[in-house]
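Novice: Got a sequence here, can you build the structure:
(chains A, B and C)
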Amino acid sequence: MPLHRFYYAKGLFSAQDKQEIAERITKIYTGYDLPAFYVDVIFIEVSEDSIFISGKPAPKFVRVVSQHLARTMASYEVKQAVLDQLEAAFGPYVKDRGLDWEIHIEEHERELWRTQGINPPMPNTDAEKLWVKENRAIPFE
Amino acid sequence: MPLHRFYYAKGLFSAQDKQEIAERITKIYTGYDLPAFYVDVIFIEVSEDSIFISGKPAPKFVRVVSQHLARTMASYEVKQAVLDQLEAAFGPYVKDRGLDWEIHIEEHERELWRTQGINPPMPNTDAEKLWVKENRAIPFE
Amino acid sequence: MPLHRFYYAKGLFSAQDKQEIAERITKIYTGYDLPAFYVDVIFIEVSEDSIFISGKPAPKFVRVVSQHLARTMASYEVKQAVLDQLEAAFGPYVKDRGLDWEIHIEEHERELWRTQGINPPMPNTDAEKLWVKENRAIPFE
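Specialist: Numbering: from 1, shown residues only, chains lettered A, B, ... in the order given. Predicted coordinates for the structure are as follows:
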């Protein structure tokens, strides 16, 4: 569900970094009682001459595009809390290394979303709880 | 118009697979009387250590992000029908091979869309019919 | 803020082309008194067998996906003016070389956007003016 795409110049993150970032982001959502397998993290690595900020090459810049489908964030406070959590998840690999970064989250329509051919269960239903427990898509109803 | 981006670990699809998936997706939209050239399909291949589900490497996972501009889907039923068609189009290359997958469709604003420098004609107009017939953008009005 | 992703078959643009396109796009936004560093341009190059139009390989096609966060465009006329400017920015590298192209702009939610860990200042505030002048994110209020 939450799909997180990281764009940056190849070489900024090691395989181990990517693994750890994905794990740390996943924990945010399991903390909200979402199934772990909802969390997709994809690292889109481009060549150093393919990413620009201010019209200048940006080899030390990480752009994150996050998309949410399973939940909508009801208030400004919740939105900021989720941004805080995401930035904390990748902070040790980005901010703490002196890289620049930018992020935005988009909320998209749940009715237009399927995983393994199934429209995922509504929030906090028994079906969703089973998906959390089994960590896979299970036909329901 | 419909822009379909497929994200997955390099190697999952052959050149022939990609060609066939693109053809099958295109047929969905020509079936709705849209110009074939509206249909963009782009395969974004990442290294095996760059795509994660549940915080774990996901070398057998295909994430599809579809964006619609020319039409809006008026009801839940229409939305599910289009999802059915998309999943059927890539099913033989994904589900039938035992891969995992997830898809969502986004609807974006037609007024902020241009092809070949032209704001595309409105649905079912003579201009759109000409675009279908000629399969290219033709200035109108 | 404005994030511009260019998708195309590898080889269509040189490093110099990409640099110039990024500079030209950046100038659009500084012309609207936005900080230059808001402007992200990322070139996503795929292999020739990974991009399709009409279900056919499209080695001469450029697909641009632009996302806005700092401003919303208030009218149809403003939207068309911005599309005109973007198409003029990359026109010499695309249209004038006989390539095909398509673009859409999306507007996303400002409250879900951060750069360098900061929710950017509102339009035309003193804080935003300082960000323009210094061309970097500076904590405020």
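
Novice: Show me the helices in chain A, by range?
Specialist: Along chain A, counting by DSSP state H, helices occupy A:15-30, A:76-90, A:126-134.

Novice: ok, and what's touching the longest one?
Specialist: This points to helix A:15-30. A:1-2, A:4, A:6, A:13, A:36, A:38-39, A:41, A:43, A:82, A:85-86, A:89-90, A:93, A:132, B:49-50, B:52, B:54-57 (Cβ atoms under 8 Å, 6 or more residues apart in numbering or on different chains). No exception for glycine: its C-beta is placed from N, CA and C like everyone else's.

Novice: quick one on the thing from earlier: so which of the helices of chain A is the most surrounded?
Specialist: Mean neighbour count (mean count of other Cβ atoms under 10 Å in any protein chain shown) peaks for helix A:15-30 among these, with a mean of 19.

Novice: For chain B, see how far away A:Val39 is.
Specialist: The gap separating A:Val39 from chain B is 6 Å, by Cβ to the nearest Cβ, to the nearest Å.

Novice: Count the neighbours of A:Arg97 for me.
Specialist: 13 (other Cβ atoms under 10 Å in any protein chain shown).

Novice: for the one 10 residues further on, same thing?
Specialist: Residue neighbour count, defined by other Cβ under 10 Å, stands at 16 for A:Glu107.

Novice: Bridged to it, which residues?
Specialist: A:His68 (DSSP bridges).

Novice: got a list of what it touches?
Specialist: Taking Cβ under 8 Å, 6+ apart, we find A:Glu107 in contact with A:Gln67, A:His68, A:Leu69, A:Thr72, A:Met73, C:Glu109, C:Leu112.

Novice: and if you look at A:Lys56?
Specialist: C:Ala22.

Novice: Bridge partners for it, pull those for me.
Specialist: A:Ile53.

Novice: sorry, back to before: out of the helices of chain A, which gets nearest to B:Gly117?
Specialist: helix A:76-90 (36.7 Å; Cβ to Cβ).

Novice: Tell me which other helices or strands the closest one touches.
Specialist: Other elements packing on helix A:76-90 under the criterion 3 or more Cβ pairs under 8 Å, 6 or more residues apart in numbering or on different chains; DSSP states H and E are helix A:15-30, strand A:61-68, strand A:100-107.

Novice: returning to what we had before: can you put the helices of chain A in CSV and add mean pLDDT?
Specialist: Compiled in CSV, these are given as follows (pLDDT from 0 to 100):
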stretch, mean pLDDT
helix A:15-30, 98
helix A:76-90, 98
helix A:126-134, 98
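
Novice: In a markdown table: the helices and strands packed on helix A:76-90, plus distance to C:Ile28.
Specialist: Conversion of these to a markdown table gives the following (distance: least, Cβ to Cβ, whole Å):
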| stretch | distance to C:Ile28 |
| --- | --- |
| helix A:15-30 | 33 |
| strand A:61-68 | 19 |
| strand A:100-107 | 18 |
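
Novice: do you know which of those lies nearest C:Gly98?
Specialist: Closest of the helices and strands packed on helix A:76-90 to C:Gly98 is strand A:61-68, at 30.6 Å (criterion: Cβ to Cβ).

Novice: Which residues outside the closest one are in contact with it?
Specialist: Contacting residues not belonging to strand A:61-68 are listed as A:1-9, A:12, A:51, A:53, A:86, A:90, A:94, A:99-108, B:65, B:104, C:3, C:40, C:42, C:67 [Cβ under 8 Å, 6+ apart].

Novice: Between strand A:100-107 and it, find me the angle.
Specialist: 10 degrees (axes from the mean of the first three to the mean of the last three Cα atoms, to 10 degrees).

Novice: pLDDT (mean, whole number) over strand A:61-68?
Specialist: Throughout strand A:61-68, pLDDT has a mean value of 98.

Novice: Could I get the CA-only coordinates of it as CSV?
Specialist: Output of strand A:61-68 as CSV, limited to C-alpha atoms (Å, rounded to 0.1, in the frame of the first residue of the first chain):
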residue,chain,number,x,y,z
PHE,A,61,20.2,14.6,-3.0
VAL,A,62,17.5,12.1,-2.2
ARG,A,63,13.9,12.6,-3.4
VAL,A,64,11.3,10.5,-1.8
VAL,A,65,7.8,10.1,-3.2
SER,A,66,5.4,8.2,-0.9
GLN,A,67,1.9,7.1,-1.8
HIS,A,68,-0.7,5.9,0.7
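
Novice: tell me how far that strand is from the chain's mean position?
Specialist: Its chain's C-alpha centre and that of strand A:61-68 lie 7 Å apart, by Cα atoms, centre = their mean, to the nearest Å.

Novice: Same check on stretch A:44-64?
Specialist: With Cα atoms, centre = their mean, you get 19 Å for stretch A:44-64.

Novice: how about the residue lying closest to A:Lys129 once chain neighbours are set aside, what does it touch?
Specialist: Setting aside the residues directly before and after it, A:Lys129 is nearest to A:Asp33 in space (Cβ to Cβ, 6 or more residues apart in numbering or on different chains), at 7.9 Å. Counting by Cβ under 8 Å, 6+ apart, A:Asp33 makes contact with A:Asn124, A:Lys129, A:Val132.

Novice: from these, which single one is nearest chain C?
Specialist: For the contacts of A:Asp33, the residue nearest chain C by Cβ to the nearest Cβ is A:Asn124; the value is 22.8 Å.

Novice: What sits closest to that closest one if chain neighbours are left out?
Specialist: A:Asp33 (7.4 Å).

Novice: before we move on, what about A:Met122?
Specialist: A:Glu128 (6.8 Å).

Novice: for A:Ala36, same thing?
Specialist: A:Ala36 sits nearest to B:Ser54 (Cβ to Cβ, 6+ apart), 3.9 Å away.

Novice: can you count the residues close to that neighbour?
Specialist: Counted with other Cβ under 10 Å, B:Ser54 comes out at 20.

Novice: show me what contacts it?
Specialist: Neighbours of B:Ser54 in contact, by Cβ under 8 Å, 6+ apart: A:Thr26, A:Ala36, A:Phe37, A:Val39, A:Asn135.
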